[in-house]
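In: Sharing a model that was predicted from the sequence below.
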Amino acid sequence: MILSLTLHCGRLFPHAIQRKTHRLPGNHRNPAFTLVELLVVIAIIAALVGLLLPAVQAARESARRAACSNGMRQLGLALANHESATRRFPPSCAWSGTSTTDASSNAVWSAQARLLPYLEDFSLGGEIQRQLAVPYSQASLGSGERLAAQRIAVLLCPSEPNTQIRTKPDGTAEHAPLNYAVNLGTWMVYRPDSKTGGDGAFFPNSRLRPTDFTDGMSQTIALGEVKAYTPYFRNAGISSPGMPSSPDAACGLGGDFKSDLPALPSGHTEWVDGRAHQTGFTSTFPPHTPVRCVRSSATYDIDWSNQQEAKSLSIPTAAAVTSRSHHPATVTYAMMDGSVHAAADSISAEVWRSLTTRAGGEATGSR
């Protein structure tokens, strides 16, 4: 039957069969494609890949955003568990306020570190809980590894490309980065002379309760996305810093510059450190606002902090630390009630700031 079908096709398409074969020595016939046919097939495959690639990339980004939202949701649950257990939300950091050199000022464990013990199925939670009383520079695992250098998956967004461990000049692992920062308010973070905090959900030594959030737990951001290895200025030491009216004005405020090179100290590379440029963000500028500054013939998108917390008894900490992400045109954020949302780059400065105040009395309107 197969022979009959072959002969029948040969009678119907004699030229097609002859075109795709050529005679070899020994009267053997070997099927082959012409160059034109190969080029046509390659062109079709390339066109299909071109059509499918954007869809594949979109699907991957959607999965990464879902994983990012899930990480935020877990931290929101840990926040609720912390409040249930202690009747307080954690501070951005804890500091005696009486010295800039004692152990308590050097400890300044972050709110994120204080939340991790309240995560379910988190193996390092107990280790962190036991060592919160000592400076994080001295905290280590049983194996001797530095605790601060442990990469914490729940604090990292899958879209973040810079998840490498920050090392000392001798190559020793020192710190691990993060992408989920706590809300420190609009601008002013802490005044050490009066020991008063800013208008956000977290500040040094805060002991806030749900009743302190008169704007509503569902109307106040708890955590927002930031990019790891963000370059920043710090310690300008301005006694009465005013909020910059524009991103260009922030660059002119000065301070010590820390570049985005992994070999140097950079912003959002220390999940253990409760200072603003490491584990916090402010709403001075809306998400993804470029804050460009030229240094050494290179342009950087920077953050700015007037004074490191626990490093001065009189200079206030004010900060323009912008929420950024690697998602196209959006950042993910979690509210104090644990719900997770996304803010578009088009969100107005007024709405964004109102979402970061706990008792501002603003009408947030549409997100």
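Out: Perfect, thanks for sending it.

In: Doesn't residue 116 lie inside a helix?
Out: Yes. The assignment for residue 116 is a helix, going by DSSP: H, G, I helix; E, B strand; the rest coil.

In: In contact with it, which residues?
Out: The contact partners of residue 116, by C-beta atoms under 8 Å, 6 or more residues apart in numbering, come to 78, 122, 124-125, 128, 152, 154. From N, CA and C alone the C-beta is placed, and that goes for glycine too.

In: Residue 239 too?
Out: Per C-beta under 8 Å, 6+ apart, neighbours of residue 239: 314-316.

In: TSV please, covering the residues you listed and showing distance to residue 301 and neighbour count.
Out: Putting these into TSV (distance: C-beta to C-beta, whole Å; neighbours: other C-beta atoms under 10 Å) gives the following:
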residue	distance to residue 301	neighbour count
314	31	10
315	25	20
316	25	22
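
In: Can I get those residues in CSV including distance to residue 232, secondary structure and pLDDT?
Out: Output for the contacts of residue 239, formatted as CSV (distance: C-beta to C-beta, whole Å; DSSP: H, G, I helix; E, B strand; the rest coil; pLDDT from 0 to 100):
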residue, distance to residue 232, secondary structure, pLDDT
314, 22, coil, 97
315, 17, coil, 98
316, 17, coil, 98
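
In: sorry, back to before: looking at the contacts of residue 116, which are in helices?
Out: Assigned to helices by DSSP state H, the following of those qualify: 78, 125, 128.

In: burial measure for residue 149, as a count.
Out: Counted with other C-beta atoms under 10 Å, residues neighbouring residue 149 total 20.

In: so it touches residue 176, yeah?
Out: Yes. Using C-beta atoms under 8 Å, residue 149 is in contact with residue 176, at 5.7 Å.

In: okay, and the common contacts of these two?
Out: Each of 165-166 lies in contact with both residue 149 and residue 176 under the rule C-beta under 8 Å, 6+ apart.

In: Pretty sure residue 284 sits in a helix.
Out: No. Assessed with three-state DSSP, residue 284 is coil; it does not lie in a helix.

In: For it, give me its contacts.
Out: When contacts are counted by C-beta under 8 Å, 6+ apart, residue 284 touches 186-187, 243-244, 250, 319-322.

In: pretty sure residue 272 contacts residue 148?
Out: Yes. At 4.4 Å, residue 272 counts as touching residue 148 under the criterion of C-beta under 8 Å.

In: For those two, work out which one has more neighbours and name it.
Out: Of the pair residue 272 and residue 148, residue 272 is the one with more neighbours under other C-beta under 10 Å, namely 27 against 22.

In: what residue ranges in this structure score low on pLDDT?
Out: For the chain, the stretches flagged by pLDDT under 70 are 1-31, 56-57, 260-265, 363-367.

In: So for it, the centremost residue is which one?
Out: Nearest to the mean C-alpha position of the chain, counting by C-alpha atoms, centre = their mean, stands residue 179 at 2.2 Å.

In: Distance-wise, check that residue relative to residue 71.
Out: Distance of residue 179 to residue 71, computed by C-beta to C-beta, to the nearest Å: 8 Å.

In: Quick check: neighbours shared by the two?
Out: Counting by C-beta under 8 Å, 6+ apart, the shared contacts of residue 179 and residue 71 are 155-157.

In: buried subset of those?
Out: Among the shared contacts of residue 179 and residue 71, the ones that count as buried by 16 or more other C-beta atoms under 10 Å are 155-157.

In: For residue 177, which non-adjacent residue is spatially closest?
Out: Nearest residue to residue 177, sequence neighbours excluded (C-beta to C-beta, 6 or more residues apart in numbering): residue 228, at 3.6 Å.
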